[in-house]
Each structure stands twice: as C-alpha cells, then as structure tokens.
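[1] Give me the fold of what follows.
(chains A and B)
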Amino acid sequence: MFRELDPLLHNPLRLSVMSLLITLESAEFNYLLEKTGATAGNLSVQINKLKEADYIRVQKSFKKNYPLTTCKITPSGIDAFEKYVDALQDYLSAKKDKG
Amino acid sequence: METKLTELESLKIIHEMIATSKNRLKNNSFFYLLWGWLVLIASISHYVLLRIHVDHHYAYLLWPILMMAGAIVSVIAGIRIGKREKVISHIDKMIMLLWWGFCFTLLVVLVMASFQKLSWSATYAFIIALYGLGTFVSGGILKFKPLIIGGIISWIMSVLALFVEPINILLVMALSIVIAYLIPGYMLKFKEK
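    Purely as a prediction, here's the structure:
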C-alpha cells in the first residue's frame, strides 16, 4: 500500500533544506537561510535534527572571525530523500487513480 | 483530504528549491580567458623570436614565465572565488577535478619531453589535443556548445600540427587556443552577465 512518509522529511523547512542540499555539493548556513526564508533560530534547530539523523553533515569553521557553518548531504540523506520522493509518488498516483 | 494537500505541497517545495539552486554559469569564463591570452602571447612571441633567429633556449623563455604566472593567478582566483561563493555545486566540483587532471597530465607530458622521450613537435601536438579534452568535457558539463566545438576543432588541429613544419606548430597552437579558449571564453563571459 502506501509507504510511510519519513516524518523527518515531512516538514516544510527540513524538506526545503534537503532539497537544496541534494542538488549541491555543499552550502553555507546563510545561503540556506536566504533560500528558505526561515529564521536563523528555526533553521539551526532543523539542521541539528537532520544532522542527528545523519542526513546531513555539518562543518564549522571561521570566515573573517565569524563562525561559518557549511552543510552537506550524506549518502544516507540522499537515500532517505529518494525514498521520500518515491513514497510521495504513491500518494500522488493514488490521487490520480481516484480521478 | 489534509494528507493529499501536504503531498502536493511537498512536491512543490522540492521543485521550488531545486529550481532555486540550479547552477548559473559563473566564474568559468575568467579561466578560459586568462589561459587563452597567456598561451596566445607565449606561442606567437615564441614563433616571432624563432623567426628572427633568437637562440631557441631564449625564444622559449616566455613559456615558463607566463605559465607560472597563470598558475599563480589561477590559484589565487580559485581561492578568492571559493571564499566568496556560498555554495559549491556538483558542476563546480566536476570542473575543478577535470582541470586538476589536465594540469597533472600536462606536467607528465612536459617531464617526458624534457627527458627527450617525446619530440617537441609531438609534445606541442599532444598539448593541443589535451586542451581539446579539457574544453570538450567542460563544455559538456556546462552544456555550452562553443566549448564542445572548440574541443573537437583542437583535436583536428593537433593532428594537422604533425603535418606542418615544426616552427609552424606554434601558429597552429595559437589558432587552436583562439578557437577553443578565447572565443568560447568571451561568449561565456557575455552569457554570465
């Protein structure tokens, strides 16, 4: 029947972050902030959740004395994202069948 | 009902984010123009100096000077771009790997030539073919036809180079760098704006 939608990805901000990171090699925190339009605090929290699930890798460094956070999707993150998209297809094709 | 909307919204989010992060052609033209001009100046001046009978050891000197200068400028520019840009795209990484590979292959070829294992004519012809590989593949990655065409023409010119008088290979090299680097470089620069 329907595959379960990963609750970690079934969230607008986390899904936005994962969608951005899957198309990129890596991205800085500020880029993710700009593209998602989220608040810094909320984005931080969601990035940590994705990091704890090993969906993304977070690297902390410095850029001109300011802390710099760079994110990169992990192989398990890519896998989870693909499974999520497949599960979405189930729901959407079911909707089509119902007409 | 609520579940259906959320699925559609999810798909919309994914599409929007992917569209937002699509790679714009940027920063690449600088390197084609830098190296295009350096090689053009080096090959033409080498040719002219040989024609006016300057000793070939001195006529050759602009090559190591300009190529070293190019390498230093490229590295500095690369570091600056890396610091400035907030993202590294898959394409950026592929292009970087390609040109590093090109560099090391070129070094190997030059080492072979300096140990007299390759004739200088063959070396120049091979280097033109190597440019062809670099521009052909990067053109394919960037989906930019002028680079792809430049690459193919370089391969043709590298074969032609073997049938001309050795000194004229420098002119073949100059012509191929104009076609493979400079023309596509300016077209790319125009497109990047």
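
[2] Could you report the neighbour count for residue 97?
    In the absence of a named chain, chain A is used. 7 (other C-beta atoms under 10 Å in any protein chain shown). Just so you know, the C-beta spots here come from the backbone N, C-alpha and C atoms, and that holds for glycine as well.

[3] To clarify, I was referring to chain B.
    Using other C-beta under 10 Å, B:L97 has 10 neighbouring residues.

[4] Can you name the residues that contact it?
    Listed by C-beta atoms under 8 Å, 6 or more residues apart in numbering or on different chains, the contact set of B:L97 is empty.

[5] Give me the pLDDT value at it.
    pLDDT, B:L97: 93.

[6] Next: B:T3.
    Predicted confidence (pLDDT) for B:T3: 45.

[7] now do the one 10 residues further on
    As summarised for this prediction, B:I13 has a pLDDT of 88.

[8] near chain B at all, the least confident helix or strand in chain A by mean pLDDT?
    In chain A, no helix or strand scores lower on mean pLDDT, DSSP states H and E than helix A:75-98, which sits at a mean of 86. Yes. Using C-beta under 8 Å from any C-beta of the partner chain, we find that helix A:75-98 touches chain B at A:84-85, A:88, A:91-92, A:95.

[9] same deal with stretch A:44-56?
    No. For stretch A:44-56 and chain B, the contact criterion (C-beta under 8 Å from any C-beta) is not met; the two come no nearer than 13.3 Å.

[10] what's that stretch in contact with?
    A:8, A:11, A:13-14, A:17-18, A:21, A:29, A:32, A:38, A:57-58, A:69, A:71-74, A:76-77, A:80-81.

[11] Among those residues, name the buried ones.
    Buried by 16 or more other C-beta atoms under 10 Å in any protein chain shown: A:8, A:11, A:13-14, A:17-18, A:21, A:29, A:32, A:38, A:69, A:71, A:73-74, A:77, A:80-81, out of the contacts of stretch A:44-56.

[12] quick one: which of the residues of helix A:75-98 next to chain B is nearest to chain B?
    Among those, A:Y91 lies closest to chain B (C-beta to the nearest C-beta), at 4.4 Å.

[13] Any stretches of the chain with poor pLDDT?
    No chain specified, so I'll use chain A. A:1, A:98-99 (pLDDT under 70).

[14] sorry, should have said chain B
    By pLDDT under 70, the weakly predicted segments of chain B are B:1-5, B:23-25.

[15] CA atoms only for stretch B:62-76 - export them in PDB, please.
    C-alpha atoms of stretch B:62-76 as PDB (Å, rounded to 0.1, in the frame of the first residue of the first chain):
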ATOM      1  CA  LEU B  62      58.200  33.300 -22.200                       C
ATOM      2  CA  TRP B  63      56.500  29.900 -21.800                       C
ATOM      3  CA  PRO B  64      57.700  29.000 -18.300                       C
ATOM      4  CA  ILE B  65      57.300  32.700 -17.200                       C
ATOM      5  CA  LEU B  66      53.800  33.100 -18.400                       C
ATOM      6  CA  MET B  67      52.600  29.600 -17.400                       C
ATOM      7  CA  MET B  68      53.900  30.100 -13.900                       C
ATOM      8  CA  ALA B  69      52.200  33.500 -13.700                       C
ATOM      9  CA  GLY B  70      49.000  31.900 -15.000                       C
ATOM     10  CA  ALA B  71      49.200  29.100 -12.400                       C
ATOM     11  CA  ILE B  72      49.700  31.600  -9.500                       C
ATOM     12  CA  VAL B  73      46.800  33.800 -10.700                       C
ATOM     13  CA  SER B  74      44.600  30.800 -11.200                       C
ATOM     14  CA  VAL B  75      45.200  29.500  -7.700                       C
ATOM     15  CA  ILE B  76      44.600  32.900  -6.100                       C
END
